[in-house]
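*Asks:* for reference, the sequence and a predicted model appear below.
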Amino acid sequence: MNTQTRTLPKRSPDVAFVPMLAEVARIEVVSPTFRRFTLTGPELHTVADNRFDQRFKILFPVPGADIAELPLEDDWYGAWRDLDNAVRPPMRTYTVREVRPEASEFDVDIALHGRIGPASTWALDARVGDRIVVCVPHTGYAGDFHGGVDWRPPAEVDRVLIAGDETALPAVSGILERLTDDARGIAVVEVPDARDAAALALPPRGVEVRVVVRGDAAVGTELIPSVHAAAAELLDGPSTTTAELEDVDIDAGLLWEVPTDAQGDPLLTRAPFYAWLAGEAQPIKELRRHLVSERGVDRKAVAFMGYWRRGRAEM
Ligand SMILES: Cc1cc2nc3c(=O)[nH]c(=O)nc-3n(C[C@H](O)[C@H](O)[C@H](O)COP(=O)(O)OP(=O)(O)OC[C@H]3O[C@@H](n4cnc5c(N)ncnc54)[C@H](O)[C@@H]3O)c2cc1C
């Protein structure tokens with residue numbers, strides 16, 4: 001189907017995330033690891049600018065199948081799931097980096113990790129004009145909160161700790177850009193190459209950003225000791241209380257805990273400390289254990305997202 005002639009679906013105010021056809025308008029090589037894709041499309045002026053760590057989904061084309069043929073109605077998911085494996089576009093999760101409704105475009109920063117997996121392979125080969133489908137929060141939604149933003153700190157926080165690997169860097173940037181000027185704390189980001197710091201946004205004055213470089217070492221090698229050091233600086237003295245944590249088998253389940261209620265509101269209204277940790281599951285599991293079990297941080301003040309696992313494709 002020609003995208004120019006395709007009738008745009010009518011959007012329901014009851015549905016928070018909807019699929020939209022998007023075309024690559026520009027590609028910027030930001031650093032050795034990061035490519036920034038500017039996406040445009042007839043509906044992209046309606047992408048909600050929620051920022052922070054707003055996640056969304058990308059459906060990548062499979063060879064020989066036209067992505068523009070995919071159903072774009074609000075209830076697309078069942079139709080996508082029912083497609084034959086050979087033509088069903090694989091879906092991966094990314095972070096909305098910057099939204100420009102006036103230009104009907106938004107950016108996504110994709111970390112390259114070789115010709116492995118549909119997302120990284122697509123990012124290596126993509127050209128201006130290539131098409132994908134994005135499932136994004138849209139401005140026509142009538143609810144208060146689209147979901148998919150896991151930076152949900154208590155209204156009053158003294159110090160923040162923000163940490164992750166390169167897959168979390170776009171979200172860390174979104175958080176740093178939207179923090180208020182009086183925010184205090186430390187952000188630690190582990191990247192493969194020192195030049196990847198170019199993809200990071202500037203923080204408010206009271207938040208120190210530490211970029212740690214792991215080179216060819218395993219993910220988490222530099223992140224873990226750096227976050228331990230940052231936590232020691234931000235938390236007053238040794239912990240007096242420790243909490244038992246249930247063990248999560250990161251090869252079988254998902255290590256993802258965001259302390260909010262059913263409406264997405266934080267469980268605490270005030271806390272001396274709030275942590276947000278995202279990236280490969282093994283280091284995130286270790287950092288969660290360190291903060292909650294060894295340092296006695298209230299788990300209601302810590303968001304953990306161990307969302308990718310070495311050796312395992314996103315499901
Ligand atoms: C909420 C959320 C937000 C995210 N935001 C971003 C973002 O803005 N930018 C971004 O680049 N990523 C982001 N990610 C991570 C991204 O979704 C994963 O890296 C995803 O697995 C990449 O898909 P793929 O098709 O390339 O590889 P997959 O098919 O999922 O995996 C294939 C193989 O590659 C490995 N692999 C996957 N990712 C990496 C990696 N980064 N480095 C090394 N090996 C890897 C897997 O372990 C597996 O062995 C986000 C993930 C979540 C859940």
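*Replies:* Everything's here; your move. Numbers count the residues shown, from 1 in each chain.

*Asks:* for this protein, what lies in contact range of the ligand?
*Replies:* Selection of the chain residues close to the ligand by Cβ under 6 Å from any ligand atom yields 55, 92-95, 109-111, 113, 116-120, 167, 170, 307-314. C-beta here means a position set from N, CA and C on the backbone, and glycine is covered the same way.

*Asks:* buried only: go through those residues for me.
*Replies:* Neighbour-count burial (16 or more other Cβ atoms under 10 Å) is assigned, among these, to 55, 92, 94-95, 109-111, 113, 117-120, 167, 170, 307-309.

*Asks:* find me the pLDDT at Gly253, would you?
*Replies:* pLDDT recorded at Gly253 is 77.

*Asks:* so where do the helices sit in the stretch 51-200 of the chain?
*Replies:* 76-82, 118-125, 169-178 (DSSP state H, counting those that start in this stretch).

*Asks:* who does the last one touch, helix- and strand-wise?
*Replies:* Based on contacts counted as 3 or more Cβ pairs under 8 Å, 6 or more residues apart in numbering; DSSP states H and E, the elements that helix 169-178 packs against are strand 91-95, strand 105-111, strand 156-164, strand 185-191.

*Asks:* and the ones you listed, which is most packed in?
*Replies:* Greatest average neighbour count among the helices and strands packed on helix 169-178 goes to strand 185-191 (a mean of 25), per mean count of other Cβ atoms under 10 Å.

*Asks:* state the mean pLDDT of the helix or strand just after that strand.
*Replies:* Next helix or strand after strand 185-191 toward the C-terminus (DSSP states H and E): strand 207-213. The pLDDT scores in strand 207-213 average 98.

*Asks:* closest residue of the stretch 101-250 of the chain to the ligand?
*Replies:* Here the stretch 101-250 of the chain gets closest to the ligand at one residue, Gly117, 2.2 Å apart by Cβ to the nearest ligand atom.

*Asks:* what's near enough to touch that residue?
*Replies:* Arg92, Ala313, Glu314 (Cβ atoms under 8 Å, 6 or more residues apart in numbering).

*Asks:* list the contacts of the second one.
*Replies:* So that's Ala313. Applying Cβ under 8 Å, 6+ apart, the residues near Ala313 are Gly117.

*Asks:* can you give the strand pairings for the lowest-mean-pLDDT helix or strand in the chain, parallel or anti for each?
*Replies:* Lowest by mean pLDDT, DSSP states H and E among the helices and strands of the chain is strand 255-257, with a mean of 90. Using DSSP bridges, the strands paired with strand 255-257 are strand 302-308 (antiparallel).

*Asks:* by how many degrees do the partner strand and helix 169-178 diverge?
*Replies:* Orientation check (axes from the mean of the first three to the mean of the last three Cα atoms, to 10 degrees): strand 302-308 against helix 169-178 gives 150 degrees.

*Asks:* coming back round to it: in the least confident helix or strand of the chain, what counts as buried?
*Replies:* Buried, per 16+ other Cβ under 10 Å, within strand 255-257: Leu255, Glu257.

*Asks:* do stretch 224-239 as well
*Replies:* Within stretch 224-239, the residues scored as buried using 16+ other Cβ under 10 Å are Ile224, Ser226, Val227, His228, Ala230, Ala231, Leu234, Leu235.
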